[in-house]
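Q: I would like to see how this sequence folds:
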Amino acid sequence: MRSEQIITAIDIGTTKICVIIAVLDEEKKLEIKGIGTGKSEGLVNGIVIDISKASKSISDAIYEAELMSETKAKNIYVGIAGEHMKSQNTLGRISLTTGSEPCEITQEHVDNVITNSKNNIKIQQGNERLDIIHAIPQYYDIDGQVGIMNPVNMSGFNLSAYVHIVMADINTIRNITKCVELSGYKVEEIFLEPIASSYSVLNEVEKTLGSVLIDIGGGTTDLAVFYKESIRFSAVIPLGGTNITQDLAIGLQTSPQNAEDLKINYGNSIASSVPDDENIKIEGIAGRESKTRKLRYVSEIIEARMREILEDAYKILNEHNELKMITAGLTITGGASLLKNSEKLAEDIFNMSTKTGYPDLSGLAGPTERLQNPKYATSVGILYQAQNLVLDKDNKIRQLKTSDPFTSFFKKIIASLKEYL
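A: Numbers count the residues shown, from 1 in each chain. Next up is the predicted model:
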């Protein structure tokens, strides 16, 4: 690996764009150099509706991060979510040998069986216009022996892989990529946001014992289930914090901006916890007269939508039998998780131990104070996921450089001749 390498994470949401520029140093540590945020325009629920506005929003956030870092953004990794996403568990299978002796499994065999699982998904009806952005192995099977996490160097006749496939609408992927390109940059990889968030808010114990992650963003709510160190399920609900703001604007007859301020400053996800005798002045629209409303009424509007989001999440997970494997509990993150009593409401609906997911900043150096907030869980997670990807690629390059292809070739010839001696 080069002495230092720049990594740029971009979280493209419905309400905000967040950019973090970091440097991966010689000790493989990430140091934050710049942070840029801005209002997201031209996107609704992860889909580009105005490419010019969306591109400018991304460009402005990158520019802010570059000013702070005094470094140009490079190696762009983008996190996305939305209704256009689709996930599915599938099975890949290959034969390792046609002879009577088992074959030693190599990384090439592993790559081939994952490719087979991807091909099985691509040929299914309805997936023609979807691009695969993740193919994540859950576990492997060698000749009926299941639950194998790393089959390399083991022996067998047949290898199967249980794989979680994440797909996205091909047009949406191209439009988001184009937005970044119009800003003057190139996208290296695209990540599914709940997977990225898991890198920053879940530890290995949680992923091993079984955890549910619910990321309540501006336009969508992303679900992911982890068990035995791998993702087992993911889904998207087309509701988020923006819907709460819209509900408040309509219910209180106030502007969206004032509704957002009320949500942030006075929001409570459990209305019964708000005293019935507390009032609040609600600003009218475009100079109209202000009105006084009970603060509990404000929270009743918020609770109704938060309850709908969390109950929808519970229903989806329960229908797919994903809750039976959960031991560690539930984690809620994203901006709306900061609403007072959101954690308690989620705990009541799911009947399981719940925490609010703040990003783990222990793997970062530099000015990280600003990132100590659930709304940065995805952008921090993108950094960690990109770091893993970069280090994995560097390790593979190093292995190729240190391996001697001629020695390997003659070893295979000698091994073949021994069979006839």
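Q: residue ranges with poor pLDDT in the stretch 1-150 of the chain?
A: By pLDDT under 70, the weakly predicted segments of the stretch 1-150 of the chain are 1-3.
Q: what do you get if the cut-off is 50, keeping everything else the same?
A: 1 (pLDDT under 50).
Q: helices of the stretch 151-300 of the chain, start to end?
A: Taking DSSP state H, counting those that start in this stretch to define them, one finds helices in the stretch 151-300 of the chain at 170-182, 193-201, 204-209, 241-252, 256-266, 295-319.
Q: wait, residue 56 sits on residue 41?
A: Yes - if you go by C-beta atoms under 8 Å, residue 56 and residue 41 touch, sitting 7.3 Å apart. The way it works is simple: take the backbone N, C-alpha and C, and place the C-beta from them, glycine included.
Q: show me what contacts residue 121?
A: Contact partners of residue 121, counting by C-beta atoms under 8 Å, 6 or more residues apart in numbering, are 88, 90, 127, 132, 165, 167.
Q: partners of the strand or helix carrying the fourth one in the sheet?
A: Read it as residue 132. Assigned by DSSP states H and E, residue 132 belongs to strand 130-142. Paired with strand 130-142 in the same sheet, following DSSP bridges, are strand 145-148 (antiparallel), strand 158-169 (antiparallel).
Q: report the distance from it to the chain centre.
A: Centroid separation between strand 130-142 and its chain, computed with C-alpha atoms, centre = their mean, to the nearest Å, is 16 Å.
Q: heads up, I number from 46, so please use that
A: Renumbered: residue one is now 46, and that last one reads strand 175-187.
Q: in it, what counts as buried?
A: Judged by neighbour count (16 or more other C-beta atoms under 10 Å), strand 175-187 contains these buried residues: 175-187.
Q: show me this structure divided up by domain.
A: 131-213, 250-401 (automatic domain parsing).
Q: in a markdown table, list those domains along with distance to residue 91.
A: Shown next, in a markdown table, are those (distance: least, C-beta to C-beta, whole Å):
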| stretch | distance to residue 91 |
| --- | --- |
| domain 131-213 | 9 |
| domain 250-401 | 6 |
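Q: what's the most buried one of those?
A: domain 250-401 (a mean of 19; mean count of other C-beta atoms under 10 Å).
Q: make TSV from the contacts of residue 166 and add distance to residue 387 to it.
A: Formatted as TSV, those follow (distance: C-beta to C-beta, whole Å):
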residue	distance to residue 387
133	30
135	34
172	35
177	33
210	31
212	30
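Q: out of these, who's nearest residue 421?
A: Distance to residue 421 across these (C-beta to C-beta) is lowest for residue 212, with 26.5 Å.
Q: ok, the closest residue to the closest one other than its chain neighbours to residue 214 distance?
A: Distance criterion C-beta to C-beta, 6 or more residues apart in numbering; nearest residue to residue 212, sequence neighbours excluded, is residue 175 at 3.9 Å. The gap separating residue 175 from residue 214 is 6 Å, by C-beta to C-beta, to the nearest Å.
Q: what does residue 227 give?
A: On the measure of C-beta to C-beta, residue 227 and residue 214 end up 19 Å apart.
Q: neighbour-wise, which of these two wins?
A: Using other C-beta atoms under 10 Å, the more surrounded residue of residue 227 and residue 214 is residue 214, with 18 against 15.
Q: which phi and psi does the nearest residue to that one once chain neighbours are set aside have?
A: Leaving aside its sequence neighbours, residue 214 sits nearest to residue 129 (C-beta to C-beta, 6+ apart; 3.7 Å). Main-chain dihedrals, residue 129, degrees, to the nearest 10: phi -70, psi -10.
Q: just the one 3 residues further on next, same as before
A: Torsion angles at residue 132 (phi, psi; degrees, to the nearest 10) stand at phi -130, psi 150.
Q: tally of neighbours for residue 72?
A: 7.
Q: you'd agree it is in a strand?
A: No - according to DSSP: H, G, I helix; E, B strand; the rest coil, residue 72 belongs to no strand; its state is coil.
Q: secondary structure element for residue 100, which one?
A: helix 96-114.
Q: what helices or strands is that helix leaning on?
A: The contact analysis (3 or more C-beta pairs under 8 Å, 6 or more residues apart in numbering; DSSP states H and E) places helix 96-114 against strand 50-57, strand 61-69, strand 75-84, helix 215-227.
Q: mind listing what's buried along it?
A: Counting neighbours by 16+ other C-beta under 10 Å, helix 96-114 gives 99-111, 113-114 as buried.
Q: the following helix or strand past it pairs with which strands?
A: For helix 96-114, the succeeding helix or strand toward the C-terminus, using DSSP H and E, is strand 121-125. In the sheet, strand 121-125 lines up against strand 50-57 (parallel), strand 232-237 (parallel) (DSSP bridges).
Q: hey, where'd the strands end up in the stretch 346-466 of the chain?
A: 374-378, 399-401, 409-410 (DSSP state E, counting those that start in this stretch).
Q: mind putting these into JSON lines with distance to residue 78 and mean pLDDT?
A: Shown next, in JSON lines, are these (distance: least, C-beta to C-beta, whole Å; pLDDT from 0 to 100):
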{"stretch": "strand 374-378", "distance to residue 78": "24", "mean pLDDT": "97"}
{"stretch": "strand 399-401", "distance to residue 78": "28", "mean pLDDT": "97"}
{"stretch": "strand 409-410", "distance to residue 78": "10", "mean pLDDT": "94"}
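Q: what's the closest of the ones you listed to residue 331?
A: Across the strands of the stretch 346-466 of the chain, closest to residue 331 is strand 374-378 (C-beta to C-beta), at 35.6 Å.
Q: how far does the closest one sit from the chain's center?
A: That offset, for strand 374-378, works out to 14 Å (C-alpha atoms, centre = their mean).
Q: packing partners for it?
A: Against strand 374-378 (3+ C-beta pairs under 8 Å, 6+ apart) you get helix 238-246, strand 256-261, helix 387-395, strand 399-401.
Q: alpha carbons of it, as CSV, please.
A: C-alpha atoms of strand 374-378 as CSV (Å, rounded to 0.1, in the frame of the first residue of the first chain):
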residue,chain,number,x,y,z
GLY,A,374,-31.1,-6.9,20.3
LEU,A,375,-32.2,-3.9,18.2
THR,A,376,-30.2,-0.8,17.2
ILE,A,377,-31.9,2.3,15.8
THR,A,378,-29.8,5.0,14.2
